[in-house]
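> Build me a structure from this.
(chains A and B)
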Amino acid sequence: MAQVDYKALKKIGLMTQIQKDRFAMRLKVVGGQVTAEQLQKIGEVAKKYGKGYIHLTSRQGIEIPFVGLEDIEAVKAELAAGGVSLGTCGPRVRTITACQGSTVCPSGLIDTTALAEELDQRFGGREAPHKFKFGITGCRNNCLKAEENDLGFKGGLQPEWNREACNFCGLCEALCPTDAIKVDKQKKNLEFDAAKCSYCGKCAKGCPVDAWSGENGYVLYFGGLFGNQIATAQQILPIIFEKEKLFTIVEKTLAFFSKHGRPGERFRHTLDRVGWELLKQELSQE
Amino acid sequence: MSADKVVAFVDVTDVVCPVTFVKVEVALEEIADGQLLEIKLNDGEAIKNIPRSLKDDGHLVTSVERRDDQTFQVIVKKGGLR
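Numbering: from 1, shown residues only, chains lettered A, B, ... in the order given. Now for the predicted structure:
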């Protein structure tokens, strides 16, 4: 058999199997969305070149196992005709995962699908010292587990209260998970402790008279791991409202990792080794 | 908050979603627009979901009181948002 450049294969999303001449072909999925047309093509290819099944990965990806080395080019071409491209593995920005977000989910506070697409266009597949995972969750319910990722994104809402609209029913106080709201029904007064607010948006979503509104934004979490070692990503910045600012921070974060990370070192370990303060400094530089 | 009298009561602490809201809907069927229904419901899913469904259906929550036994008393005005 010809010499196989496994590193090059990994770059285009081919995972080695215990069967030496077979590969699990990893497909590109952004934000967990796959069209019916893509599914159909994937099905055809899995039947023709694989073993007639696909594997759903732990991070919203699709893999076609048992593709032969000799068929790789043909498979790539057939998939491309159905609008399917190959994913990535190895030391780079990986599959960008997302929940359904505000375009579908009643709890969603941000358009996670659009954000996943934009992040993929800007950063998808970019080289890094080790794998680097983005995950986007639409709200505090955290269905997509933002803190498991090297960089997690969570939709948030910074609430604002409008006295004129309020009927002082007390529902927001009942819904608030952090006890940031106190309603005095008799005196018709409401106290909001912004420092306690977790940006969950439950006050605004729940309010029967729309007395709560606010601005939707992004809360970022840095340095999550959920593999050989487990560490929860940390929030080190206040909520961000502007998308361009968000992208600038992502850019700086990846630059920081490339500059300070050692080959084969996960972002979290780089942070723990060089110090989180250094990241904060570099993120705050113009 | 309102001097209006509550005319009906429903306890949904003994059932789970989606039966909770079905019971509330049945109770609302029995009263006229503008009248008040008192609902006893559990903390957790029920307090998150029932007031939201009431709002979607055009009913106005006028009062929410936390009780000592992990339940809430919710007063709702039928059709109050229509």
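> Number of residues surrounding the nearest residue to residue A:12 once chain neighbours are set aside?
In this structure, residue A:12 finds its nearest non-sequential neighbour in residue A:86, 5.0 Å apart by Cβ to Cβ, 6 or more residues apart in numbering or on different chains. C-beta: built from backbone N, CA, C; applies to glycine. Look at residue A:86: counted by other Cβ atoms under 10 Å in any protein chain shown, it has 18 neighbours.
> which residues touch residue A:86?
A:12, A:13, A:14, A:25, A:26, A:27, A:28, A:76, A:79 (Cβ atoms under 8 Å, 6 or more residues apart in numbering or on different chains).
> ok, how many other residues are close to the first one?
Going back to what we said before, that points to residue A:12. Per other Cβ under 10 Å, the neighbour tally for residue A:12 reads 17.
> for residue 36, what are its contacts?
Since no chain was named, I'll use chain A. Under the criterion of Cβ under 8 Å, 6+ apart, residue A:36 has no neighbours.
> look at chain B instead
B:2, B:4, B:5, B:6, B:7, B:8, B:62, B:75, B:76, B:77, B:78.
> Likewise for residue B:13?
Residues near residue B:13 by Cβ under 8 Å, 6+ apart: B:40, B:41, B:42, B:46, B:71.
> How about residue A:43?
Remark: with contacts taken as Cβ under 8 Å, 6+ apart, residue A:43 is in contact with residue A:54.
> What strand or helix carries it?
In this assignment (DSSP states H and E), residue A:43 forms part of helix A:36-49.
> Give me the buried stretch members for that helix, please.
For helix A:36-49, the neighbour count (16 or more other Cβ atoms under 10 Å in any protein chain shown) marks A:38, A:41, A:42, A:45, A:46, A:49 as buried.
> Please read off the pLDDT at the third one from the model.
Just to be clear, that refers to residue A:42. The model reports residue A:42 with a pLDDT of 98.
> and the gap between it and residue A:54?
6 Å (Cβ to Cβ, to the nearest Å).
> Spell out which residues are contacts of both of these two.
Residues touching both residue A:42 and residue A:54 (Cβ under 8 Å, 6+ apart) are A:62, A:64.
> what residues does the stretch 101-250 of chain A put near chain B?
Neighbours of chain B within the stretch 101-250 of chain A, by Cβ under 8 Å from any Cβ of the partner chain: A:106, A:167-171, A:173-175, A:185, A:202, A:205-206, A:208-209.
> Tell me which two of these sit farthest apart.
Distance extremes for these: the farthest pair is A:106 and A:185 at 27.3 Å, using Cβ to Cβ.
> Between the two, which is the more surrounded one?
Shown here are residue A:106 and residue A:185; by other Cβ under 10 Å, residue A:185 has more neighbours (17 against 10).
> What separation is there between that one and residue B:64?
Distance from residue A:185 to residue B:64, by Cβ to Cβ: 9 Å.
> Repeat that for residue A:74.
Separation of residue A:74 from residue B:64 (Cβ to Cβ): 63 Å.
> more crowded one of those two?
More crowded of residue A:74 and residue B:64, by other Cβ under 10 Å: residue B:64, with 25 against 14.
> my guess is the more buried one contacts residue B:72, does it?
Yes: between residue B:64 and residue B:72 there is a contact at 5.9 Å, judged by Cβ atoms under 8 Å.
> what do these two both touch?
A:174, B:47.
> who touches the residue nearest to residue A:137 when sequence neighbours are not counted in this structure?
Sequence neighbours aside, residue A:144 is the residue nearest to residue A:137 in space, at 3.6 Å (criterion: Cβ to Cβ, 6+ apart). By Cβ under 8 Å, 6+ apart, the contact set of residue A:144 is A:97, A:98, A:99, A:112, A:135, A:136, A:137, A:138.
> cool, and residue A:189?
Taking Cβ under 8 Å, 6+ apart as the criterion, residue A:189 is in contact with A:168, A:183.
> who's it bridged to?
For residue A:189, the beta-bridge partners are residue A:184 (DSSP bridges).
> just to revisit the earlier point, relative to chain B, how far out is the residue nearest to residue A:137?
Distance of residue A:144 to chain B, computed by Cβ to the nearest Cβ, to the nearest Å: 19 Å.
> Name the helix or strand for that residue, please.
In the assignment (DSSP H and E), residue A:144 maps to no helix and no strand.
> these two touch, right, residue A:41 and residue A:82?
Yes: using Cβ under 8 Å, residue A:41 makes contact with residue A:82 at a distance of 2.5 Å.
> Which positions in chain B make contact with chain A?
Those residues of chain B that sit near chain A, judged by Cβ under 8 Å from any Cβ, are B:1, B:47-48, B:51-52, B:54-55, B:60-66, B:72, B:74-75, B:81.
> Mind checking which of those land in helices?
Those of the residues of chain B next to chain A mapping onto helices are B:47, B:48, B:51, B:52, B:54, B:55, per DSSP state H.
> ok, the fourth one - contacts?
When you say that, I think you mean residue B:52. Contacts for residue B:52 (Cβ under 8 Å, 6+ apart) come out as A:106, A:205, A:206.
> tell me which of the residues you listed is nearest to chain B?
If you rank the contacts of residue B:52 by distance to chain B using Cβ to the nearest Cβ, residue A:206 comes first, at 5.9 Å.
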